[in-house]
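Colleague: 3D, please:
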Amino acid sequence: MMKKSSLKFLCVAVCCLMMFPMMVGFTPEKTTTLKVATWNILHGNDVMEAQHRQIISMGADVISLQEVDEKTERVDGKSCLEHLGKGRYYFNSFAKEMDYKGGEYGLGIMSKYYFGNEKSSFREGGNLARDGFMKVEMQKDGQLISVYNVHFSYQSDYERQRQIQLAADVFAADPNRYKVLMGDFNIKNFDELAPFEDFNMLSTEEKPLKTYHGKDWDTKCLDNIIYTDTLVMKKSKMVYSDLSDHNALVAEFEMR
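Modeller: Numbers count the residues shown, from 1 in each chain. A predicted model of the protein is given here:
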């Protein structure tokens, strides 16, 4: 049996250890993480319920989607964003590229966290169909994060390079500390991404991620995530899937 004096000493020692951080003015540093994902969903591909399950399993804070149908005939009048985000992503934004079969077709961003300042046209007189990218500003743990979603032209090399340069200029000029740009770039080679050379990329020529598994495009490294030095990559993965002709990309960052 432990003596009362010994027990009292033990209690005092434990209390001192617990109070030590307060006595020296130490406050544990809080680390904020950001988990993002991007996926070209092939307009839902008649498998939206399965796509919904995959999206939920990826567990991203915010996800950018390309080739999104909103209430078109080929998705039976459903909203892709509402269906794919149900029960998890309560904030979403759609940017129309064109009217299509009774509804609209374009880009979408879904988030667990509130966002605002939605924007889908960056040039004077520009439009999403020509620019190919959109932006929202998401708030997490008191931090403002610029989230860009892109889907550049596969039909014209000239138009795609114009879009990439425009996106790079806008991204670089954005004053927010935390910025991430992701989506389907439709590049033929990594040289096309030279305008982003001052930023970090998930998929590179040295470590390429072959996200596209269709037969109509020689280059397979179409999708990417580009981010600033204020976001430190902790882990990433490519999610293989037969639910679309693209695999998804997921990345988790520490915000510093």
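Colleague: please count neighbours and contacts with C-alpha atoms only from this point.
Modeller: OK.
Colleague: tell me which stretches of the protein form helices.
Modeller: All helices of the chain, identified by DSSP state H, fall at 4-23, 48-58, 80-85, 128-131, 157-173.
Colleague: so for the second one, mean pLDDT?
Modeller: Going back to what we said before, that points to helix 48-58. Helix 48-58 carries an average pLDDT of 97.
Colleague: identify all contacting residues around that helix.
Modeller: 37, 41, 44, 80, 83, 84, 85, 88, 243, 250 (Cα atoms under 8 Å, 6 or more residues apart in numbering).
Colleague: which among those residues end up buried?
Modeller: 37, 41, 44, 80, 84, 85, 243, 250 (16 or more other Cα atoms under 10 Å).
Colleague: for these, which one is nearest residue 160?
Modeller: For the buried ones among the contacts of helix 48-58, the minimum distance to residue 160 (Cα to Cα) is 20.3 Å, reached by residue 41.
Colleague: now the closest residue to that closest one other than its chain neighbours: how far from residue 180?
Modeller: Nearest non-adjacent residue to residue 41, counting by Cα to Cα, 6 or more residues apart in numbering: residue 244, 5.5 Å away. Distance of residue 244 to residue 180, computed by Cα to Cα, to the nearest Å: 23 Å.
Colleague: just residue 142 next, same as before
Modeller: In terms of Cα to Cα, residue 142 sits 17 Å off from residue 180.
Colleague: show me where the stretch 101-250 of the chain has its strands.
Modeller: Assigned strands in the stretch 101-250 of the chain, in chain order: 103-111, 115-119, 133-140, 143-151, 178-184, 200-201, 223-227, 231-239, 248-255 (criterion: DSSP state E, counting those that start in this stretch).
Colleague: distance to residue 162 and mean pLDDT added to these, as JSON lines?
Modeller: Output for the strands of the stretch 101-250 of the chain, formatted as JSON lines (distance: least, Cα to Cα, whole Å; pLDDT from 0 to 100):
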{"stretch": "strand 103-111", "distance to residue 162": "19", "mean pLDDT": "97"}
{"stretch": "strand 115-119", "distance to residue 162": "19", "mean pLDDT": "94"}
{"stretch": "strand 133-140", "distance to residue 162": "12", "mean pLDDT": "97"}
{"stretch": "strand 143-151", "distance to residue 162": "13", "mean pLDDT": "98"}
{"stretch": "strand 178-184", "distance to residue 162": "15", "mean pLDDT": "98"}
{"stretch": "strand 200-201", "distance to residue 162": "19", "mean pLDDT": "98"}
{"stretch": "strand 223-227", "distance to residue 162": "18", "mean pLDDT": "98"}
{"stretch": "strand 231-239", "distance to residue 162": "27", "mean pLDDT": "98"}
{"stretch": "strand 248-255", "distance to residue 162": "24", "mean pLDDT": "98"}
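Colleague: mind putting these in JSON lines, distance to residue 93 included?
Modeller: Formatted as JSON lines, the strands of the stretch 101-250 of the chain follow (distance: least, Cα to Cα, whole Å):
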{"stretch": "strand 103-111", "distance to residue 93": "5"}
{"stretch": "strand 115-119", "distance to residue 93": "7"}
{"stretch": "strand 133-140", "distance to residue 93": "8"}
{"stretch": "strand 143-151", "distance to residue 93": "11"}
{"stretch": "strand 178-184", "distance to residue 93": "15"}
{"stretch": "strand 200-201", "distance to residue 93": "24"}
{"stretch": "strand 223-227", "distance to residue 93": "19"}
{"stretch": "strand 231-239", "distance to residue 93": "23"}
{"stretch": "strand 248-255", "distance to residue 93": "19"}
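Colleague: of all those, which lies closest to residue 96?
Modeller: strand 103-111 (4.5 Å).
Colleague: angle of the closest one against strand 133-140?
Modeller: Per axes from the mean of the first three to the mean of the last three Cα atoms, to 10 degrees, the angle that strand 103-111 makes with strand 133-140 is 30 degrees.
Colleague: so between residue 142 and residue 180, which is more surrounded?
Modeller: Set residue 142 next to residue 180 and count neighbours by other Cα atoms under 10 Å: residue 180 wins out with 20 against 8.
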